[in-house]
Structures are given as structure tokens and as C-alpha cells.
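Student: starting from these lines, generate the structure:
(one chain, ligands or ions: 2)
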Amino acid sequence: MARGKTRGNGAPVKRRKGPRAPFWRRKGLAEMTRKEWESLCDGCGRCCLVKLEDEDTGAIHFTDIACRLFDSQSCRCHDYANRSKRVPDCVRLTPRRVAAINWLPPTCAYRLVAEGRDLLAWHPLVSGNPDSVHDHGISVRGRTFCREDDLPVDDYVKRVVDWPGQAPRRRKAATTASRRRRPLL
Ligand code: SF4
Ligand code: SF4
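Tutor: Ligands and ions are numbered 1, 2, ... in the order given. Next up is the predicted model:
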């Protein structure tokens, strides 16, 4: 999923390949099966935030306003199958679009793989836990202000925020014991 509303850290780890490496290390985006492609989405919801484009510079700014179909608790789309009909400016990601779009968050798994990076420890495919993206503060859960229909469009500019476009801070090295319980980013 991804939404570009233009109205208006991964660490650079080299992906280790090999026949037994997981699919996101062995395959490029265009080589993935549909199931693999869908599973690559970490469910962070950052791309479902309304974005504003600066008319003068073309710069894209995230807001903490969610799409009208966004479920802020699950961080998923209410109607994923029909999203294009219901929200015409919802951008369906494809390998080509991932390469072309300049507003995918730095944490986005599609962007990481397209840039030749590895997934990070909190990605559900790595952790085996769908909640790890929330537990590590990567998702937008608890951070959205409202849905887009709850605020006049002219007020969107007041909700511009930086954090969706930022990579998570690296945590300080911990003791071996605590590192096991809470993987480093
Ligand atoms: S991983 Fe990428 S496509 Fe999936 S919700 Fe996060 S930003 Fe959007
Ligand atoms: S329609 Fe669904 S997938 Fe598209 S931006 Fe809105 S919540 Fe996200």
C-alpha cells in the first residue's frame, strides 16, 4: 500500500545472497511472487499518511493525517482490495514506481530492497512477529492526528511532521542479555 497525496535506516547492509537466503535477499522486486511482494510490506502505515507537495520547490512533506480508509489501530487499509476505487490517488506500488517515487519512507521495505539493503530486525519477516513494527515505534500506531475528512484541507499544512520521513535512531549497544530481548535496530 502507499498513498501519495500531491494536491497540494536502514543501515546500508549488503544483502547476503545464496540459495538458502530469504527471498528478499535473493530476488529483486520484479522477481518476487505476489505473495512475497505483499509480505514485504511491514504494515507501518507511513505511506498512508497524507503528504503535501510544495508548489514552488516540489518538495514532499508528510503530515500526521491519515487516509480516510486507514485503520489507525491495525495500521492497515480498511478496504485494501477496493482501495483504488475508493481512494483514486492511492498509489499502487510496483517495482517501477518504487524506483520512481521520492516519498517512500526510509524504513519502507520496498525502498530498502530496491536500494540493495537488508530488512531490519523489527520487520515481521525477520522477527517472525507482526507486532514488532509497532513495538519498535516504526509504525504510525498512536501517532496519527486524525483522518483526512476530519480536518479542512486548508488546515493540513498545520499538521506537517518530519518523523515519517526519518530513519529510526540506532539504539545504543546494550548488554548481551538485553540485546537478546530487544533487538538493535
Ligand atoms: S512497508 Fe512501505 S508500503 Fe508497507 S506500509 Fe510501510 S511504507 Fe507503506
Ligand atoms: S486507500 Fe488504503 S492503502 Fe491507500 S493510502 Fe488509503 S489506507 Fe493506505
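
Student: does residue 30 really touch residue 98, like I thought?
Tutor: No. Using C-beta atoms under 8 Å, residue 30 makes no contact with residue 98, being 9.8 Å away. From N, CA and C alone the C-beta is placed, and that goes for glycine too.

Student: where do the helices sit along the chain?
Tutor: 23-26, 34-40, 83-86, 95-100, 109-114, 124-127, 132-135, 176-181 (DSSP state H).

Student: pick out whichever of residue 30 and residue 98 has more residues nearby.
Tutor: residue 98 (19 against 12; other C-beta atoms under 10 Å).

Student: what residues are up against that one?
Tutor: Contacts for residue 98 (C-beta atoms under 8 Å, 6 or more residues apart in numbering) come out as 29, 104, 110, 111, 114.

Student: will you turn the residues you listed into a markdown table that also has pLDDT, neighbour count and distance to residue 74?
Tutor: Shown next, in a markdown table, are those (pLDDT from 0 to 100; neighbours: other C-beta atoms under 10 Å; distance: C-beta to C-beta, whole Å):
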| residue | pLDDT | neighbour count | distance to residue 74 |
| --- | --- | --- | --- |
| 29 | 97 | 20 | 25 |
| 104 | 97 | 21 | 21 |
| 110 | 98 | 23 | 20 |
| 111 | 97 | 20 | 22 |
| 114 | 97 | 17 | 26 |
